[in-house]
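**Q** only the shape, not the letters, is given here:
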Ligand SMILES: Nc1ncnc2c1ncn2[C@@H]1O[C@H](COP(=O)(O)OP(=O)(O)OP(=O)(O)O)[C@@H](O)[C@H]1O
Ligand SMILES: [Mg+2]
């Protein structure tokens with residue numbers, strides 16, 4: 001039970017970004033899940049945004065570490081130090097996590113041992129209680145889907161390390177499918193393409209910028225975009241720049257789209273027919289940073305024939321939903337707040353549910 005002075009946090013510990021929600025305050029932190037470490041002493045030099053600015057620019061004695069891989073903790077000590085740094089930033093002088101209950105999202109399908117390990121990382125830092133929440137459930141709750149009703153909802157969360165498809169009903173995950181292709185793998189494909197085609201090396205941050213600025217899964221001959229990029233020539237070793245267009249990378253984007261469509265197909269195939277019918281009517285909720293890839297919602301809708309809605313805050317909804325988990329478990333997400341939550345998620349089906357409750 002949450003005592004009067006207890007604090008409640010919802011944490012989305014993602015492969016690319018960490019987002020923290022604090023009850024009563026809203027989203028209090030959004031930072032990349034990155035840490036810069038001195039090789040010889042193991043000392044942490046920078047965390048989050050500060051460490052991200054160092055990517056590709058570190059001297060030989062500094063390592064840049066993503067402590068999470070494919071959504072799960074790959075390096076416990078560094079993850080723990082990173083979390084400590086973030087919570088300290090949020091809490092100021094207060095000792096971190098004292099008197100707090102923490103709901104933390106984990107990818108669906110991980111083992112109970114892995115879940116327990118995530119909870120212990122938080123408990124170890126002094127939290128009174130830590131609960132691991134499956135990411136699609138948290139995302140759906142944060143986006144205002146009626147997860148507790150006997151109606152199927154399909155959530156597609158495209159993050160940095162993993163893309164997860166899950167069908168939820170009656171407060172649980174009925175079927176799910178996870179693929180290890182998401183935002184970061186597109187960046188890697190772009191790095192490989194530029195290397196192969198132009199003999200030029202570019203950094204991770206440039207690749208991500210290319211994806212965000214000119215990446216699109218829509219018709220490559222439609223709206224053509226281009227950008228100048230800089231890198232290092234692999235033959236003479238000198239800095240060089242070139243102009244890259246959206247149509248050049250469209251086949252990489254298409255390849256990624258095919259993986260996502262296949263994941264949706266596999267999930268629906270495993271799904272009980274009644275719930276698959278609900279999904280046809282109500283549509284797909286798209287969330288995670290990958291949801292912002294240009295044209296993704298439109299293409300998925302066209303290819304599957306199922307309506308697609310992007311969550312209102314696609315990169316925050318998991319942390320938001322994790323933070324609301326306690327109220328949800330205690331049945332305290334009252335009618336009015338549930339209606340308000342649902343209003344966040346766009347779409348006809350959502351409006352209909354709100355109306356039928358009124
Ligand atoms: N406008 C955009 N267009 C395309 N991709 C984007 C955009 N904005 C962010 N991204 C990508 O979204 C990804 C990060 O999304 P998110 O923060 O949801 O991941 P995460 O939760 O940290 O990862 P995971 O859920 O896999 O553990 C990054 O790969 C980033 O490049
Ligand atoms: Mg995520």
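**A** Sure thing, it's come through. Treat the numbers as computed from the prediction; the structure is a model and nothing was measured. Numbering: from 1, shown residues only. Ligands and ions are numbered 1, 2, ... in the order given.

**Q** what's stretch 253-264 in contact with?
**A** 154, 156, 158, 163, 165, 177-179, 181, 185-186, 189, 215-217, 284, 293, 296, 299-300, 303-304 (CB atoms under 8 Å, 6 or more residues apart in numbering). Where C-beta positions appear, they are placed from N, C-alpha and C, glycine not excepted.

**Q** what about 6 Å?
**A** Residues outside stretch 253-264 that contact it (CB atoms under 6 Å, 6 or more residues apart in numbering) are 165, 177, 179, 181, 186, 215, 217, 299, 303.

**Q** redo these as JSON lines? Include distance to residue 68.
**A** Output for the contacts of stretch 253-264, formatted as JSON lines (distance: CB to CB, whole Å):
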{"residue": "165", "distance to residue 68": "20"}
{"residue": "177", "distance to residue 68": "20"}
{"residue": "179", "distance to residue 68": "17"}
{"residue": "181", "distance to residue 68": "16"}
{"residue": "186", "distance to residue 68": "18"}
{"residue": "215", "distance to residue 68": "23"}
{"residue": "217", "distance to residue 68": "26"}
{"residue": "299", "distance to residue 68": "28"}
{"residue": "303", "distance to residue 68": "30"}
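
**Q** and of those, the nearest to residue 229?
**A** Nearest to residue 229 among those is residue 215, at 12.7 Å by CB to CB.

**Q** show me what contacts that closest one?
**A** By CB under 6 Å, 6+ apart, the neighbours of residue 215 are residue 253.

**Q** how about the residue in the stretch 1-150 of the chain that ligand 2 sits nearest to: what's its closest non-neighbour residue?
**A** As assessed by CB to the ion, ligand 2 sits closest to residue 14 within the stretch 1-150 of the chain, at 3.9 Å. Leaving aside its chain neighbours, residue 14 sits nearest to residue 159 (5.5 Å; criterion: CB to CB, 6 or more residues apart in numbering).

**Q** return the set of buried residues in the top helix by length along the chain.
**A** Counting by DSSP state H, the longest helix found in the chain is helix 250-270. Within helix 250-270, the residues that qualify as buried by neighbour count (16 or more other CB atoms under 10 Å) are 250, 252-253, 256-257, 260, 263-264, 267-268.
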